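**Student:** Based on what follows, work out the 3D shape:
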Amino acid sequence: QMCIRARPGAVPPPQARPMPPNAPGAPQPGQPHPAPVPPSAPNGQVPGGQPPGAPAAPPPRTAGDQPIQPLRGEPPLTLYRNRQTMMLQPGAELDRFGEPDGNVMYAIRTPYNQRSLPPQWASRNYFAYRVQRPVQVLGGTAVPWFEQPGGGTAYVLPASVNELLADGTLVALSGNEAARPPME
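**Tutor:** Presented below is the predicted three-dimensional model:
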């Protein structure tokens, strides 16, 4: 077995030297140790592409940390891909199967099978609406579910349809403007 010994009087490498307890940056009793800082690359960036001292890029949002959420009884956000917050402008038309106490809607006349809703929801009342004032929503694309292909554009509104009707953000459509979409 080979044993390597330091020469008498040798100075340990800098990273092995203990810091005096009162030195700037030295860990203090009861305080967490600071995270190591990766060395800068020659271009002044740290691994991961961030410049030194820049805040880390935020992680992608999960369904649970989106700013707008479906109300109770509505399909969960996991049933929509490519979710993003957007502004719907006046004139946009939306619809839903179900009473106006919910907040999930689809682009008007989206075929039922592209919504990937439970089959029994097809018998619910159908309502159509027009946006009257800009409104921030969470948009996404319905994933395949309930043996349906999905692909329809869904919108999760920041409040129930009833609330948005009451404040003038939405107006209900009637007659031919509110014709049911294809049920295929």
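**Student:** Where does pLDDT dip in the protein?
**Tutor:** 1-66 (pLDDT under 70).
**Student:** residue ranges for the strands of it, please.
**Tutor:** 80-88, 93-97, 104-107, 126-131, 135-142, 153-156, 170-172 (DSSP state E).
**Student:** Tell me which of those sits nearest to residue 73.
**Tutor:** strand 104-107 (9.5 Å; CB to CB). To be clear about C-beta, it is placed using only N, CA and C from the backbone, and glycine gets the same treatment.
**Student:** Each with direction, which strands does that closest one pair with?
**Tutor:** In the sheet, strand 104-107 lines up against strand 93-97 (antiparallel), strand 153-156 (antiparallel) (DSSP bridges).
**Student:** could I get the ones you listed as CSV with mean neighbour count and distance to residue 110?
**Tutor:** Formatted as CSV, the strands paired with strand 104-107 follow (neighbours: other CB atoms under 10 Å; distance: least, CB to CB, whole Å):
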stretch, mean neighbour count, distance to residue 110
strand 93-97, 21, 7
strand 153-156, 23, 7
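**Student:** okay if I get these as a markdown table plus distance to residue 75?
**Tutor:** Compiled in a markdown table, the strands paired with strand 104-107 are given as follows (distance: least, CB to CB, whole Å):
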| stretch | distance to residue 75 |
| --- | --- |
| strand 93-97 | 11 |
| strand 153-156 | 8 |
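**Student:** of those, which approaches residue 87 most closely?
**Tutor:** Nearest of those (CB to CB): strand 153-156, 11.0 Å.
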